[in-house]
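Engineer: only geometry, no sequence info:
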């Protein structure tokens with residue numbers, strides 16, 4: 001099973017972000033939710049920022065809007081450089097896809113993590 005950071009996880013069962021978190025947990029992945037407004041999501045500690053996570057992780061899944069994705073990438077370049085970055089279809093735009101291609105080794109663009117076997 002994988003260790004996955006879910007950026008912008010939600011406590012709201014009506015949000016797609018919540019459904020992704022629940023799906024990853026049901027597949028027995030270890031998930032580190034990141035949301036600056038939540039201390040806990042689905043009884044799991046939530047982190048305000050990626051750099052607060054004190055455990056190893058392999059994948060970072062972005063469920064953020066492009067402007068938020070941009071800020072997170074820029075502010076965490078060193079942490080994310082050697083991780084697998086997974087971008088949901090709405091989380092980037094053409095401008096940022098070029099930045100991602102130039103700065104990161106391993107990434108998946110415009111793909112829903114729930115639909116893939118990982």
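Structural biologist: In hand now; what should we look at? This one's a predicted model, so the numbers in the text were calculated from it and none came from an experiment.

Engineer: all the helices of this structure, residue numbers only.
Structural biologist: 16-26, 66-75, 77-80, 94-103 (DSSP state H).

Engineer: tell me the angle of the last one relative to helix 66-75?
Structural biologist: Right, the one you point to is helix 94-103. Relative orientation of helix 94-103 and helix 66-75, computed by axes from the mean of the first three to the mean of the last three C-alpha atoms, to 10 degrees: 20 degrees.

Engineer: tell me which strands and helices helix 94-103 is in contact with?
Structural biologist: Applying 3 or more C-beta pairs under 8 Å, 6 or more residues apart in numbering; DSSP states H and E, one finds that helix 94-103 contacts helix 66-75. In short, each C-beta sits where N, CA and C put it, glycine included.

Engineer: show me which residues of the helix it packs on are buried.
Structural biologist: Residues 66, 69, 70, 72, 73 are the ones in helix 66-75 that count as buried (16 or more other C-beta atoms under 10 Å).

Engineer: I'd guessed residue 31 sits against residue 4; true?
Structural biologist: Yes. The criterion here is C-beta atoms under 8 Å, and residue 31 meets it with residue 4 at 5.2 Å.

Engineer: joint contacts of those two?
Structural biologist: residue 24 (C-beta atoms under 8 Å, 6 or more residues apart in numbering).

Engineer: one step back: need the buried residues of helix 66-75 in CSV with pLDDT, can you?
Structural biologist: Converted to CSV, these look like this (pLDDT from 0 to 100):
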residue, pLDDT
66, 93
69, 94
70, 91
72, 95
73, 95
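
Engineer: what would those look like in CSV with distance to residue 107?
Structural biologist: Listed next are the buried residues of helix 66-75 as CSV, based on distance: C-beta to C-beta, whole Å:
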residue, distance to residue 107
66, 15
69, 12
70, 14
72, 13
73, 10
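
Engineer: quick check, nearest of these to residue 46?
Structural biologist: Distance to residue 46 across the buried residues of helix 66-75 (C-beta to C-beta) is lowest for residue 72, with 15.0 Å.

Engineer: ok, that closest one - contacts?
Structural biologist: The contact partners of residue 72, taken as C-beta under 8 Å, 6+ apart, are 7, 50, 62, 64.

Engineer: then residue 65?
Structural biologist: Taking C-beta under 8 Å, 6+ apart, one finds 90, 91 in contact with residue 65.
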